[in-house]
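Engineer: sequence first, predicted coordinates after that:
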Amino acid sequence: MRVHRITVRDVKGVRESTVEFPEHGVVVVEGPNEVGKSTVLEAFDKLLDPRLKASSLSKEVKRLQPVGRDVGPYVEAEFTVGGHRVRYAKRWLRQATTTLEILTPVHEQLTGEAAHARVERLLNDSLDRTLWGALRLAQTGDGSLAPLADSAVLGAALDAAAGSDLHAEGGEQVLEMVEKEFLAYFTRTGRPTGDYRRAMTDHTEAQHGVTEAHRRLDEAGRLLERQQSAREAVEAGADVVARARTDHAAAQAAQVRAEALAEAHATARALLGQARERSRAIVKDRRHRVELAEQVDRLGEETDLTERRRAEDHTALEQLRPLLEQAEEAVAEADQALERAEDVCDLARADVDHLVQVDQAQALDRLVERVGSTVARLVAARKAVPARPVGAQEVRRVRELQHRVEVLTAQHEAASARVRVESLGGHVEMARPDAGPGATLSLEAGEISEGALTDEVVVTVPGAARVVLEPEADGRSRREELQRVGEQLATLLADAGAADPQELAATAEATAAAQGAVRDLTRDLESLLAGRPAGQLREALDGAVPAALREELDALLEQARASTRHDDDHPLPADVPTARAVAHAAGVDVQSCREARRSAVAVHRERQQGAALLRARLDRADGHLESLRRQVERATSELAEARAVMSDGALDEEQARRATLLAQAEVEEAGARRALAEADVEGVRVRLGEAARRLEEAEEAQEAATATLHALTGQVEMAQSEGRSELYDLAVVALEESERRLASLDRRARAARHLWRTLTEHRDRAHATYALPYTQALEELGRRVYGPGFGVTVDDQLVVRSRTLDGATVPFEELSGGAKEQLGILARLAVARLVDPTQGVPVVIDDALGYTDPDRLVQMGAVLGASTAGAEVQVILLTCTPDRYAAVPQAQTVRLSA
Amino acid sequence: MVRFLHTADWQIGMTRRFLSSEAQPRFSQSRVDVIRRLGRVAQDQACAFVVVCGDVFESNQLTPQTVRRALEALRSVPVPVYLLPGNHDPLDAMSVYTSAVFREEAPEHVHVLDGPGPHRVAPGVELVAAPWGSKHPGRDLVAEALSVVDQGPAPAGTVRVVVGHGAVDELDPDRRNPASISTGPLRAALDEGQIHYVALGDRHSRTQVGDRPGIHYSGAPEATAWREERPGDVLVVEVEPGAEVRVTPHHVGTWSFHLVQERLGSDADLDALDARLRALPDKDRAVVRLALRGELTVAQHARLEEVCARHRDTLAALDQWGRHTDLAVLDDGTDWEDLGLGGFLATAVEEIRASARPVGGAVDEDGAEAEAEAEGAGLGVGEDRPGLEEERRGEEAAREPFRPGRDDDETSARDALALLYRLTRGGVA
């Protein structure tokens, strides 16, 4: 497409403006801001937009209307597209019109819808809109190029430049369809999806279904086999039970026979036992008769003996009675004597206690007295300690200092010059500072003052002379030393509160004496109160007699007073030892009384026991005699009764008869026993038990086998009723179907995948091939601006990814705004140069290169010029800055003004 | 004279793996519906009873629903029905005939021939039954049943019909099969007048054994596989002792199996195939197996796919017989030239074509072939041999599962080309 002229009227802020464009080469449209440079292009876009018919009331159209003016925006353009040169105009909103005039190759004039449709057809056939959009660098853009890979015109151009035919008409469209097909089966990452994925899941489930159905069918088959074995087991078991029953019946018959023999033997044994019993009974009767007669005789003898012994014991008891009474009296007497002795002893012991208490009270009283006097002395001694105690140390120090003063004074005087003033007649005044400040000495005639010159001496003879005598320099230092020591001494004394060393010595002596007395008295108190609570000592040292001591004394005195008795018959012993002797004698007396009582009691007890023994023997003898009499009576009557029943002779005869019967019974029992032994009863019993056990086992086994068979039959019926075979067949049918469906989908899916992968791969490869001539064209232009170190990388979508300049590679996004813009212009120029001029579109650069430095601007200008020179490229540069593109050679300039 | 209806091999509860889950219920329902139709034939032809010679049920382990539906259909048959247990429904411990549903719900006029030997079913009519007690009897059950019948010609006024199931020796490819039915003694018994007709089941093809009438397979009343001959019939049998037996087939079946064998090489061949398929009657009960050979261009191949897809929607089933399919897709590039694909599309097509070597069987590769082969083995002879069913089931459970999403190969390449062809044929801008 080539634009020749654009006229706008009543569009946005522009009342009317016409821009003429040269056939090719660079045209610079120049004008101040807001004059409508961009508006002209925008209006041209709207004119070509197939959606915006003249009748359109869309927002986009309304945006073209000038603010506040109710007029119809009008755009007219003359351009060549697809070999047709046309003049096309539209007015929207007010008096909407569309007019088209085709100028070449065949003149034609159309209006309204027809005009619109004709232009749309022309543009669809011949305008590459991808390129149209891509080759414009708008004010707002950053220079990056829209992906160019979809541009058919560019594709064809690049194919041509690459010397290949990789560009396919509609290739992208086919790829899009294939991709759509691919995405029906797979996600972009190649995982199955949608129906395909569901078919896989269904198929897996159907497989599980078949496996499970087969398992159940198998199970049914096994059940059937087990049931068959169980049935066979039951049949075999029935035979075993029948055999066991026969054996058991035979054993039972044998048992019945053996039982009859056992019974016969039992009867014989019973008869034998009876005979034995009767024989034994008659023997026993006879023995009893003899024993009874003997018993009657023996009982008579025992009665006589017992009566004799009883008479002896009675006599002995009568003799013992007076002796027992004597012993009782002796015990009573001993009791009285003991009581008396104990009273005497108690009294003596109380006296001892009382006297001891009195002694203790006296001792404590003495202690209180001594403590009291010691405490008083301690208080006095403490008071005697001087208010400011002086120690021997201090005294020694003072003495040393005093001695040093004396020595220093003597030394000073000895070393000083001596002065001798003598008044010869008049009055002489002499001032001596050493004698005190302002101390003066007046000498009258003949008076002499003599001394060592230790200080300055001023001698004044009134009206005549004043003599100043100064001691030598050494004398001054000695004096100062003397003065310092003297001051130390004075300080020490003042500190000790003593007027002079003598007083200090006296105070020191007093201090020592008082402190010695305090120490002695403290030791005294410690020894007095040793063994008593420590609090009492502290109290005493604090200067008081301990209160506890006094309380203790008062308590003792009270006790002593309370234990005092008044008994004139027994006077209180003189002292404690005497009292203790009396108490001891009383104790001895009590001891002997107790001894005498014990002897009396022993005699009494012995006699008592003797009497009791005799009485008991008498009682027993009486009882025994009574019993004997009854026994005699009973035995005698029993014997008489027995003889009445059977006389002794008859008894002997009966015994002989029963012995014969017993012998017969023994013979019979032995016969029966032999017969039984021969019958092997135990063997028969064991055999029967064995047969019964076998029968029971066989029956139990049979029951178990029958139960198993029943259970299995139940399971078989259950399995049968489920129709497992049919369910299995149905599962297989379902699996088949799901597999058919999956296989069918799988074929389609794999076909789509195969195709999509291959096409994508080839498309990418084709793009990569395109990229090469494009890269070369771009680099060629770039080197004119930046020099030979310029390079770019372009991806297969023809997007510039990075720029290299003198070895430094920078990604496109990280380039500066200016650099991006420059690169954008170069890229557009490169594209424009590559495409077929008849199919190309104008390169439009809207207000760019604002950030480009002057040198670079010149180079860009040269590139703009060079890239258009000789090429049929139309480049439209919009700018508000005059001379920005001054460096573009052969540029035509169109100026717009408001 | 006695007239009765001879049928067999109802195979109620049978499934077919080439059927979709939509067609299978129709197939199952037809096997029940045909009972009502043959009942009407029995009524119309004044048959005294119906005898079903084994394999009434596809298996002993059927769902109660399936059994009930069959019993319900049997209720509509107006004459007594005698069912013989066959190898599919033997009288074993799990027999469908002893199941609670059958015991409790079978109509009174339905009887099971559950003991070997003569059953007096009407005055002067004896059925000599040879029921199967297990899947593998290992002996000639018919001979055994006949051995308990009184020797010599039947008493006057008594018609004896032998009712058996299994392959007869002269048609059994397995010469050593101990369970084969010996035809020699049967023929002798027929000649002697000891018996008057031998009604057999097992073969799904209606067959007269030998030259003379007397020993017959009725065939299945509804077809079950491709190679069955004359399936879908029942036999009305008229027996008059002393006269030759009269056997009249009546068609009751609704399903058909078609093996379409064609050589394809041109658009006209495709037209013919399309027309042939379109002409099939009762398409929803027609099962078609294609055995196509020849060479097709990419465009023709694409069209074949389209034709198959279209008919697959109306037919009960349409699949390929793998062994007999040999279709080559000729790709000399002219089809692609016609499409005028250029640029990277052209190079991509070249690459895919290079990996798509033309091979046969490219139309459809559904997994039904294995079964087709398995069924083929049984056709034309006995319906199946002992143990086949169990073997088949074991294999099904253990077979290698289908693996989707395999890497690109010739098949995917061919399909990719077909897809591209389909997408671009509409014209590319």
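Structural biologist: Right, received. Where do you want to start?
Engineer: now do the helices in the stretch 501-650 of chain A.
Structural biologist: A:501-528, A:534-541, A:547-562, A:576-645, A:648-678 (DSSP state H, counting those that start in this stretch).
Engineer: mean neighbour count for the ones you listed - can I get that in TSV?
Structural biologist: The C-beta positions use only the backbone N, C-alpha and C, and glycine is treated the same way. Shown next, in TSV, are the helices of the stretch 501-650 of chain A (neighbours: other C-beta atoms under 10 Å in any protein chain shown):
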stretch	mean neighbour count
helix A:501-528	16
helix A:534-541	16
helix A:547-562	14
helix A:576-645	14
helix A:648-678	13
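Engineer: which residues of the chain score low on pLDDT?
Structural biologist: Went with chain A since none was named. Residues of chain A meeting the criterion pLDDT under 70: A:138-152, A:159-170, A:433-438, A:568, A:850, A:869-871, A:897-898.
Engineer: my bad, chain B
Structural biologist: Ranges of chain B meeting pLDDT under 70: B:357-399, B:426-429.
Engineer: domains of it?
Structural biologist: Chain B is divided into the following domains under automatic domain parsing: B:2-251, B:258-425.
Engineer: closest to residue A:364 out of the ones you listed?
Structural biologist: domain B:258-425 (122.8 Å; C-beta to C-beta).
Engineer: assumed residue B:157 was part of a helix.
Structural biologist: No - per DSSP: H, G, I helix; E, B strand; the rest coil, residue B:157 lies outside any helix segment and is coil.
Engineer: now it: phi and psi?
Structural biologist: phi 80, psi 10 (degrees, to the nearest 10).
Engineer: so residue A:685 makes contact with residue A:255?
Structural biologist: Yes - shown here, residue A:685 and residue A:255 form a contact pair, counting by C-beta atoms under 8 Å, at 6.7 Å.
Engineer: how about the helix or strand hosting residue A:234 and chain B, any contact?
Structural biologist: Assigned by DSSP states H and E, residue A:234 belongs to helix A:194-384. Yes - interface with chain B: helix A:194-384 contributes A:196, A:199-200, A:203, A:207, A:210-211, A:214, A:217, A:220, A:224, A:227-228 (C-beta under 8 Å from any C-beta of the partner chain).
Engineer: dump these to a markdown table, plus neighbour count.
Structural biologist: Below are these laid out as a markdown table (neighbours: other C-beta under 10 Å):
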| residue | neighbour count |
| --- | --- |
| A:196 | 21 |
| A:199 | 23 |
| A:200 | 18 |
| A:203 | 24 |
| A:207 | 19 |
| A:210 | 24 |
| A:211 | 15 |
| A:214 | 19 |
| A:217 | 24 |
| A:220 | 22 |
| A:224 | 20 |
| A:227 | 22 |
| A:228 | 16 |
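Engineer: about what we covered before: which of the domains of chain B sits most buried?
Structural biologist: domain B:2-251 (a mean of 20; mean count of other C-beta atoms under 10 Å in any protein chain shown).
Engineer: chain center to that domain, what's the gap?
Structural biologist: Centroid separation between domain B:2-251 and its chain, computed with C-alpha atoms, centre = their mean, to the nearest Å, is 16 Å.
Engineer: same thing with stretch A:722-731?
Structural biologist: 59 Å.
Engineer: could you do stretch A:338-355 as well?
Structural biologist: 84 Å.
Engineer: over to stretch A:864-878?
Structural biologist: 79 Å.
Engineer: likewise stretch B:297-312?
Structural biologist: 28 Å.
Engineer: next: stretch A:377-391.
Structural biologist: The mean C-alpha position of stretch A:377-391 is separated from the chain mean by 74 Å, C-alpha atoms, centre = their mean.
Engineer: give the contact list for residue A:1.
Structural biologist: Residue A:1 makes contact with A:79-81, A:126-127, A:132, A:840-842 under the criterion C-beta atoms under 8 Å, 6 or more residues apart in numbering or on different chains.
Engineer: next one: residue B:116
Structural biologist: Residue B:116 sits next to B:129-131, B:141, B:144-145, B:148 when contact means C-beta under 8 Å, 6+ apart.
Engineer: out of the residues you listed, name the two that are farthest from one another.
Structural biologist: Between any two of the contacts of residue B:116 (C-beta to C-beta), the greatest distance is 13.1 Å, for B:131 and B:148.
Engineer: just the contacts of residue B:116 now: which is nearest residue A:814?
Structural biologist: residue B:131 (93.3 Å).
Engineer: now the nearest residue to that closest one once chain neighbours are set aside: how far from residue A:359?
Structural biologist: Sequence neighbours aside, residue B:85 is the residue nearest to residue B:131 in space, at 4.4 Å (criterion: C-beta to C-beta, 6 or more residues apart in numbering or on different chains). As judged by C-beta to C-beta, to the nearest Å, residue B:85 and residue A:359 stand 141 Å apart.
Engineer: ok, now residue A:238?
Structural biologist: 125 Å.
Engineer: quick one: residue A:179 and residue A:755 touch, right?
Structural biologist: No - assessed by C-beta under 8 Å, residue A:179 is found out of contact with residue A:755, at 9.7 Å.
Engineer: so which of the two has more stuff around it?
Structural biologist: residue A:755 (30 against 17; other C-beta atoms under 10 Å in any protein chain shown).
Engineer: list phi and psi for the closest residue to the more buried one other than its chain neighbours.
Structural biologist: Nearest in space to residue A:755, with sequence neighbours left out and distances taken as C-beta to C-beta, 6+ apart, is residue B:416 at 3.9 Å. Dihedral angles of residue B:416 (phi, psi; degrees, to the nearest 10) stand at phi -60, psi -40.
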